[in-house]
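Chemist: how would this look folded up:
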Amino acid sequence: MPSFSDSVIDVHSKFRQALFRKGLALRVITQAQYAQNMLDAPVPADEQVYVGQRPFEGAMVQPILTADLRQLHLQHAQLYLGGVWNWVSWNPAGPKSFQLWDLYLYKAFGRGRVEMKAGYISMNLDFIGLFVGGSTATGGQGVYAVLPYEAGMSYFPLTTPAFTLRVRGAKNTYVKSAAQRSIDPQGGPTEVARNHTGFRLIPHGDKLLVINEGGYLRDASKDAHEAWFRAGYMYNTTAYRNLASGRSESGNYCGYVLMDYQLRRSNQEHPGRGLYAGGSFMTAPDSLNPYASYYEARFYKEAPLRSRPDDLLSVVASRTNYSSYFTDNLAGEGKTVWRGGTTLTGSYSMRASPGNYVGLGLGYMYGPAITPRVPNAFKITATWTAYF
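Modeler: Numbering: from 1, shown residues only. Predicted structure coming up:
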């Protein structure tokens, strides 16, 4: 994420300084996105099954207010409040929403060794490391796996009540846990339809999701390359429809293991810049989820050019296996199906000017949707993001 000083509005402006004196900081993020398949003509609207099969547009405005709570005699504490307006031309890729995004209290203890959050939280920035190999600056997600979301984890622009606790251990180790109200098993559009404002505490049927993660995280330095290993498991007590029996049952889960390592430093004064490699594996029960497993390999380079220190170049290959129960049921209904999807994507994220970022991606998709068995796609994606 770009630093707060990297903004269209100067950090030294009277507006910013007046807020700082009151212990406040305001940031507004805006984004526009476009995607389209380059191999085939657009299909009719009622036949679309993946992003870009028709020209896709998306737009987002996200205001974020943070308040330093020292004025209330709370040390190392912060109040975080964020809202979102999110619009997409194809709702399954969204969802469309105008609601609360995050509202939580952050508190650190023991010189930052223990960190706590309590309130409404979108978990996709707190666990797994889903943006590694991508860029939060342009909204380009590196580890593009939907398994944690179908298992109930909250994600932008959705939020749910949650509590998180992170403990930093010895020698760069950490453990992290969360208790979160699950999002709706039917996915984002249904969640928004049942909870328009985002404030609803417990919609009927949505129960507890528990997430546990442990890992090793070493920052890059002049003496060591950056390394991040993490493994986790999430368990959901919400009832999901069993694709084999047709009955509703609890016990959905997602397990994951990811590793990223800096292969080469390109700048001794800025040791984080350089070439990285990473891999991922995720699994979820195929009796409860359409997407059953995910594999990924990625290479990415921070500051690919000396003159472009804030840019990111990445190449990501992935394989998603679809549930055999889900695809067999569809085939039994006479529908055509893909049994899995494979992607290869290259992207470049660049800092165009202070607070302005542009991203461009090209990706080949073999098996772009579960059903019907539509042709493979070669998709172009472009994004523009501004930070105020």
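Chemist: any idea which helix or strand comes after the worst-scoring helix or strand of the chain on mean pLDDT?
Modeler: Least confident helix or strand, the chain: helix 188-194 with a mean of 90, by mean pLDDT, DSSP states H and E. Using DSSP states H and E, the helix or strand that directly follows helix 188-194 along the chain is strand 208-218.
Chemist: How far off centre is that following strand?
Modeler: 15 Å (CA atoms, centre = their mean, to the nearest Å).
Chemist: What mean pLDDT does that strand get?
Modeler: In this model, strand 208-218 has a mean pLDDT of 98.
Chemist: Give me the next element, helix or strand, following that strand.
Modeler: Using DSSP H and E, the helix or strand that follows strand 208-218 in sequence is strand 227-236.
Chemist: What is that next one packed up against?
Modeler: strand 208-218, strand 252-265 (3 or more CB pairs under 8 Å, 6 or more residues apart in numbering; DSSP states H and E). Using the backbone N, CA and C atoms, a C-beta is placed for each residue, glycine as well.
Chemist: between it and strand 208-218, how big is the angle?
Modeler: Strand 227-236 runs at 170 degrees relative to strand 208-218, counting by axes from the mean of the first three to the mean of the last three CA atoms, to 10 degrees.
Chemist: who touches strand 227-236?
Modeler: For strand 227-236, contacts defined as CB atoms under 8 Å, 6 or more residues apart in numbering pick out 127-129, 132, 148, 151-153, 182, 207-218, 250-262.
Chemist: so where's the stretch 101-250 of the chain uncertain?
Modeler: 134-144 (pLDDT under 70).
Chemist: now the helices and strands packed on strand 227-236 as TSV including mean neighbour count?
Modeler: Formatted as TSV, those follow (neighbours: other CB atoms under 10 Å):
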stretch	mean neighbour count
strand 208-218	18
strand 252-265	19
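Chemist: With distance to Gln17 added, can I get the ones you listed in a markdown table?
Modeler: Listed next are those as a markdown table, based on distance: least, CB to CB, whole Å:
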| stretch | distance to Gln17 |
| --- | --- |
| strand 208-218 | 34 |
| strand 252-265 | 36 |
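Chemist: ok but Leu313 is inside a strand, no?
Modeler: Yes - assigned with DSSP: H, G, I helix; E, B strand; the rest coil, Leu313 falls within a strand.
Chemist: With just CA atoms, put the least confident helix or strand of the chain into PDB.
Modeler: Provided in PDB are the C-alpha atoms of helix 188-194 (Å, rounded to 0.1, in the frame of the first residue of the first chain):
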ATOM      1  CA  GLY A 188     -21.300 -11.500  -1.900                       C
ATOM      2  CA  PRO A 189     -24.400 -10.500  -3.800                       C
ATOM      3  CA  THR A 190     -26.600 -12.400  -1.400                       C
ATOM      4  CA  GLU A 191     -24.700 -10.900   1.600                       C
ATOM      5  CA  VAL A 192     -25.300  -7.400   0.400                       C
ATOM      6  CA  ALA A 193     -29.000  -8.100  -0.400                       C
ATOM      7  CA  ARG A 194     -29.500  -9.300   3.200                       C
END
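Chemist: What residues sit buried inside it?
Modeler: Neighbour-count burial for helix 188-194, with 16 or more other CB atoms under 10 Å as criterion, is recorded at 188-189, 191-192.
Chemist: can you list contacts of it?
Modeler: Counting by CB under 8 Å, 6+ apart, 91-92, 94-97, 99, 149, 155, 158, 183-184, 200, 203 sit against helix 188-194.
Chemist: which among those end up buried?
Modeler: If we count by 16+ other CB under 10 Å, those have these buried: 94-97, 99, 149, 155, 158, 183-184, 200.
Chemist: Turn the residues you listed into CSV, columns for distance to Tyr300.
Modeler: Shown next, in CSV, are those (distance: CB to CB, whole Å):
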residue, distance to Tyr300
Gly94, 27
Pro95, 29
Lys96, 31
Ser97, 30
Gln99, 32
Tyr149, 22
Tyr155, 21
Leu158, 27
Ile183, 29
Asp184, 33
Arg200, 38
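Chemist: Which among the helices and strands packed on strand 227-236 is found nearest to Asp328?
Modeler: Evaluated with CB to CB, the helices and strands packed on strand 227-236 place strand 252-265 nearest to Asp328, the distance being 19.4 Å.
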